[in-house]
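*Asks:* 3D, please:
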Amino acid sequence: MPCTNIIIEKRNSMNLNGKIAVVTGGAMGNGLGIVKVFLKYGAKVIILDYSEKISTVVDDLKNNGYDVDGYLVDIRDNERIRSISNEIKEKYGKIDILVNNAGVCMLEKFENMNDELRDYHFDINIKGTWNVTKAMLPLLKNCDKASIVNLSSVTGPMVADSGEVAYATTKAALLGFTKSLAMELVNDNIRVNAIMPGYILTPMVEAMAVVSNSSDPDSVVNTIASAIPMKRMGTIEELGELAAFLASDSSSYITGQGIVIDGGSTLPETMTMGV
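*Replies:* Predicted structure coming up:
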């Protein structure tokens with residue numbers, strides 16, 4: 001029988017050249033990992049962050065030749081978010097990628113949690129994400145195809161520890177937000193997915209370790225890592241690679257999904273059974 005000629009098109013679908021990405025909370029932690037990986041693949045990145053570190057991060061990246069801009073903003077400030085969206089529209093006319101990464105986590109037992117701390121989580125993690133998405137949606141619709149990546153978590157949808165009720169509630173809500181929005185936007189060629197990280201070594205995790213054991217926070221980090229099948233926490237760059245995949249054409253048939261990245265931490269049924 002004659003051989004069938006199989007033609008394989010060679011292309012780098014992780015190439016983000018020409019893409020404009022907005023990343024919230026991009027001045028540190030997971031957000032910075034996402035920014036660095038997006039820039040590596042050629043995207044122009046616009047960072048939104050309420051940390052004063054944003055100016056240093058943007059300057060450093062620009063000095064290294066990267067195409068990056070930044071806005072100091074609290075995503076609870078809906079008027080400021082809309083103003084930034086208008087500025088981006090005037091400069092670029094559109095964005096191709098939105099990453100809703102900004103979020104907070106402060107440990108407190110449910111019975112001791114006051115309304116202010118509850119609302120702090122809800123206003124940033126849920127309402128802030130809502131604000132940014134609503135403001136940036138017209139810019140995303142100006143593209144032939146676009147991608148939204150929300151940062152949910154394994155905490156809430158899959159697992160939780162004591163003191164995480166407010167945080168877990170918001171991260172579960174973001175997964176529902178992702179799925180419903182994906183259905184609404186599919187006909188606009190906008191894909192919406194969520195990343196569900198386990199423990200990634202970030203300033204947030206380090207701060208939580210201090211709250212858990214102020215005298216020896218390193219022991220908290222080491223104990224967590226030892227319980228993960230891969231025996232380590234993830235890096236912000238590894239999470240950034242997943243975000244780039246979900247933002248790129250490599251994931252063109254994926255929408256409405258929560259993708260777990262946790263080194264296998266949610267795999268064990270128990271920590272004692274097995275051979």
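*Asks:* mean confidence (pLDDT) on the top helix by length along the chain, please.
*Replies:* Looking across the chain with DSSP state H, the single longest helix is helix 165-185. What helix 165-185 shows for mean pLDDT is 98.
*Asks:* what count of nearby residues applies to the nearest residue to I236 once chain neighbours are set aside?
*Replies:* Take I236 and drop its neighbours on the chain: the residue closest to it by Cβ to Cβ, 6 or more residues apart in numbering is G33, 2.6 Å away. Glycine gets a C-beta too; all of them are placed from N, C-alpha and C. When neighbours are counted by other Cβ atoms under 10 Å, G33 registers 25.
*Asks:* in the stretch 1-150 of the chain, where is pLDDT below threshold?
*Replies:* The model of the stretch 1-150 of the chain has pLDDT under 70 over residues 1-5, 8-13.
*Asks:* buried ones in stretch 26-45?
*Replies:* 26-39, 41, 43-45 (16 or more other Cβ atoms under 10 Å).
*Asks:* mind checking how far it is from the chain centre?
*Replies:* Centroid displacement of stretch 26-45 relative to its chain, using Cα atoms, centre = their mean, to the nearest Å, is 11 Å.
*Asks:* end to end on it, go ahead and measure it.
*Replies:* 9 Å (Cα to Cα, to the nearest Å).
*Asks:* can you give me the strands for the stretch 1-150 of the chain?
*Replies:* Secondary structure of the stretch 1-150 of the chain by DSSP state E, counting those that start in this stretch: the strands cover 20-24, 44-49, 68-72, 97-100, 146-151.
*Asks:* cool, the stretch 151-275 of the chain as well?
*Replies:* 190-197, 258-261.
*Asks:* and the ones you listed: which comes nearest V221?
*Replies:* Between V221 and the strands of the stretch 151-275 of the chain, the shortest gap by Cβ to Cβ is with strand 190-197, which sits at 15.3 Å.
*Asks:* hmm, back to that, out of the strands of the stretch 151-275 of the chain, which one sits most buried?
*Replies:* The highest average neighbour count among the strands of the stretch 151-275 of the chain, using mean count of other Cβ atoms under 10 Å, belongs to strand 190-197 at a mean of 25.
*Asks:* correct me, but G264 touches A227?
*Replies:* No. Under the criterion of Cβ atoms under 8 Å, G264 makes no contact with A227, lying 10.3 Å away.
*Asks:* now N30: how far from A172?
*Replies:* Distance, N30 to A172, using Cβ to Cβ, to the nearest Å: 18 Å.
*Asks:* go on, N101?
*Replies:* Counting by Cβ to Cβ, the separation of N101 from A172 is 17 Å.
*Asks:* re the thing from before, tell me what the longest helix of the chain is packed against?
*Replies:* Judged by 3 or more Cβ pairs under 8 Å, 6 or more residues apart in numbering; DSSP states H and E, the packing partners of helix 165-185 are helix 115-121, helix 129-141, strand 146-151, strand 190-197.
*Asks:* ok, L39 touching D67?
*Replies:* Yes. In this structure, L39 is within contact of D67 by Cβ under 8 Å, at 7.4 Å.
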